[in-house]
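predicted model and sequence follow; I will ask about them next.
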Amino acid sequence: MEFLQCLFSLKRAQKRLVSVAIDSVFLLVAFWAALLVRLDAVSVLTNSAYWLLIIFVVPVSILVFVKLGLYRAVLRYMGLQALTAIIVGVLASTVSLVLIAYYSEANLPRTVPIIYAAFALVFIGGTRAMVRSLVGAGLKRVGEPVIIYGAGVSGRQLVTSLVQSHEYYPFAFVDDDVTLHGTVIQGVHVHSPSIIKKLILQKTATKVLLAMPSAPRSRRQEILLQLEPLAVQVLTLPAMADLVNGTKLYSDIKEVEIDDLLGRDAVNPRSDLLSANIRNKVVMVTGAGGSIGSELCRQILKQRPKKLILFELSEYGLYAIERELRVTAHDLGLDVEIFPMMGSVQRANRIEAVMKAFGVQTVYHAAAYKHVPLVEHNVVEGVRNNVFGTLYTARAAIAANVETFVLISTDKAVRPTNIMGTTKRMAELVLQALSKLDHNTRFCMVRFGNVLGSSGSVVPLFRSQIANGGPVTVTHPEITRFFMTIPEASQLVIQAGAMGKGGDVFVLDMGKSVKIVDLAAKMIRLSGFEVKDEKNPDGDIAIEFSGLRPGEKLYEELLIGDDVTGTEHERIMTANELCLPWNELDIIINGLDKACHEFNHEWIRDILLTAPTGFNPTDGICDLVWLQKKSLPLVETKKKVVTLFS
């Protein structure tokens, strides 16, 4: 193996010269071996005619091998192309041997070319296969032993990548295809999934690499459920689209995606709905630097708007998304003008000036404070941003003659128990009331649950806690949430906005709600650890319950009532919710404005309770400024502040 390591450390040109020299020797040996086998006389070695013959044949054969690209093939990854080159090259060498012998009258026995061809194939092809096998058996043992689930094209490509990286070595394939069981692919044995537990215990493997990037998410969920009890870390390949377009490599393995655990396959978006309000239009996204806002911008850019206006309060958030979108537009060859605009939706004159200056036609209003405990501790700012920010943006849209206005709402607006959800329901009521007035702007709102990977999502928090050795903190053992990926949610928002007629409340099909403690346990086990609890006191990472935070409820809902109808899209429904005419809602809004201006939290609470929002708080007033003014004991105030970050 040391000799092979030295050989592979040579420069590429040097390796080719060595290969040419060795093949020349092999052809000489094959020729003389064929003569000895046929004539059984050592005296042939002194025949000058035969020496002259082979001296002409060898250069011709080597030239043919060069033309066929045999020396361009990397030996350790030799495949079908190299094998074909060897076979065709040996046949060409044999033909040249026959022709040169005929014209030089070398008196070559007729069976010698056949024997020569057999020896040449064995020497040139067989030795290459043997070296390749030795290299595979030796080099791939470097690194951490892993099991590859999936012996298809992706699995084989992954083996090749792992051999180069030396970080892991694959000692076994596992595949559902029974016809592959017991076979050997690239030196790696293929086994049935039924014995994966035995393989893990036998070889002390700590990782399983899921090499099925094109498999449906439902199938990947089945595999993950099978692997979860084994407490082995599961890593996955990037998506097939990323592998095909070159943005990711087979060696870019990553932690298992949590959306695979949910097992819900995304529905292919309808191109007509995606482009209806965007293609060749001036589109504006408020809160463009946030989790939802930034993904909306990415999806919108692909639909080729005429102009894309990024409206954002955070300087860094605006800088980051503008830079990313400009790079994307350049890479995709998109001729889209991108304008980064700093500002707050609470400044009515600023947002109206921007809309009028650029002639905005479509607005996606994603700017909002969405973190429940933070809004609970900052009530006035939550109301100002979520309610009045939406009101000012909607009025600006009417004044600027915007065609379509889409509000990003939340499932927390349904029977809210916190200020954040109540303010989002108030924002919905504002748009429902405005939609009935005489103007040219079409308002609609889209309500959905949690998105995976967003700011405030439990998933990145759990990953961080697991990486630090735990414990993983869950607020309550019975708490559940709906989840959806950010790209799918953004695509559905765009499609729903295209279906709105005016005042529509759209609800996205979020699938089944997920028990957070179960999600935490799955993430622990699929990270290669065991859950530490009463049944398993020797486990690795414990799950601790911190208690519900202010305004948090156990179960989220998407509908206030049961009056819901389907739409032309299978994942989008429309809800018929209670709304007020503008003259009645205006009285509530004016009172709320005055209460906020005076920082009168009792008045704010009373208004929100009497408004038709369904507000049913589970806690008292938790605003930190109000608590300080009430001169509560310092210990209790600190306790409430700590709760914010728990």
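Okay, I see it.

wait, Val57 touches Leu27, no?
Yes. A contact is recorded between Val57 and Leu27 when judged using C-beta atoms under 8 Å, the distance being 7.1 Å. The way it works is simple: take the backbone N, C-alpha and C, and place the C-beta from them, glycine included.

between those two, point out the one with more neighbours.
Each of Val57 and Leu27 had its neighbours counted (other C-beta atoms under 10 Å), and the higher figure belongs to Leu27 (26 against 22).

domain boundaries for this structure, per the record?
2-137, 140-262, 273-450+484-510+557-634 (automatic domain parsing).

for those, which one sits closest to Val517?
Between Val517 and the domains of the chain, the shortest gap by C-beta to C-beta is with domain 140-262, which sits at 13.5 Å.

span of stretch 397-413 from start to end?
Start-to-end span of stretch 397-413 (C-alpha to C-alpha, to the nearest Å) is 23 Å.

buried by neighbour count: which residues of stretch 174-186 qualify?
Buried residues in stretch 174-186, counting neighbours by 16 or more other C-beta atoms under 10 Å, are found at Val174, Asp175, Asp176, Leu180, His181, Ile185, Gln186.

with stretch 430-438 instead?
Along stretch 430-438, the positions that meet the burial threshold by neighbour count (16+ other C-beta under 10 Å) are Val430, Leu431, Gln432, Ala433, Leu434, Ser435.

send me whichever strand or helix holds the first one as CSV with only the CA atoms.
With the criterion set as DSSP states H and E, the secondary-structure element containing Val430 is helix 419-434. As requested, the backbone C-alpha atoms of helix 419-434 are provided in CSV (Å, rounded to 0.1, in the frame of the first residue of the first chain):
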residue,chain,number,x,y,z
ILE,A,419,-51.0,40.4,22.5
MET,A,420,-49.2,39.3,19.4
GLY,A,421,-52.0,37.1,18.1
THR,A,422,-54.6,39.8,19.0
THR,A,423,-52.8,42.5,17.1
LYS,A,424,-52.6,40.3,14.0
ARG,A,425,-56.3,39.6,14.3
MET,A,426,-56.8,43.4,14.6
ALA,A,427,-54.7,43.8,11.4
GLU,A,428,-57.0,41.3,9.6
LEU,A,429,-60.0,43.3,10.8
VAL,A,430,-58.4,46.5,9.4
LEU,A,431,-58.0,45.0,6.0
GLN,A,432,-61.4,43.4,6.0
ALA,A,433,-63.0,46.8,6.8
LEU,A,434,-60.9,48.7,4.3
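
helices or strands up against that helix?
Secondary structure elements in contact with helix 419-434, counted by 3 or more C-beta pairs under 8 Å, 6 or more residues apart in numbering; DSSP states H and E, are helix 372-377, helix 379-383, helix 389-399, strand 404-410, strand 442-448, helix 582-597, helix 601-610.

now those as JSON lines including distance to Glu544?
Formatted as JSON lines, the helices and strands packed on helix 419-434 follow (distance: least, C-beta to C-beta, whole Å):
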{"stretch": "helix 372-377", "distance to Glu544": "18"}
{"stretch": "helix 379-383", "distance to Glu544": "29"}
{"stretch": "helix 389-399", "distance to Glu544": "36"}
{"stretch": "strand 404-410", "distance to Glu544": "27"}
{"stretch": "strand 442-448", "distance to Glu544": "29"}
{"stretch": "helix 582-597", "distance to Glu544": "37"}
{"stretch": "helix 601-610", "distance to Glu544": "32"}
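
and the ones you listed as TSV, adding distance to Val153, mean neighbour count and mean pLDDT?
Formatted as TSV, those follow (distance: least, C-beta to C-beta, whole Å; neighbours: other C-beta atoms under 10 Å; pLDDT from 0 to 100):
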stretch	distance to Val153	mean neighbour count	mean pLDDT
helix 372-377	45	23	91
helix 379-383	51	22	95
helix 389-399	49	23	97
strand 404-410	40	26	92
strand 442-448	36	26	88
helix 582-597	59	16	94
helix 601-610	57	17	93
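
how far out from the middle of the chain is stretch 111-126?
If you compare the mean C-alpha spot of stretch 111-126 with that of the full chain, they lie 51 Å apart, counting by C-alpha atoms, centre = their mean, to the nearest Å.
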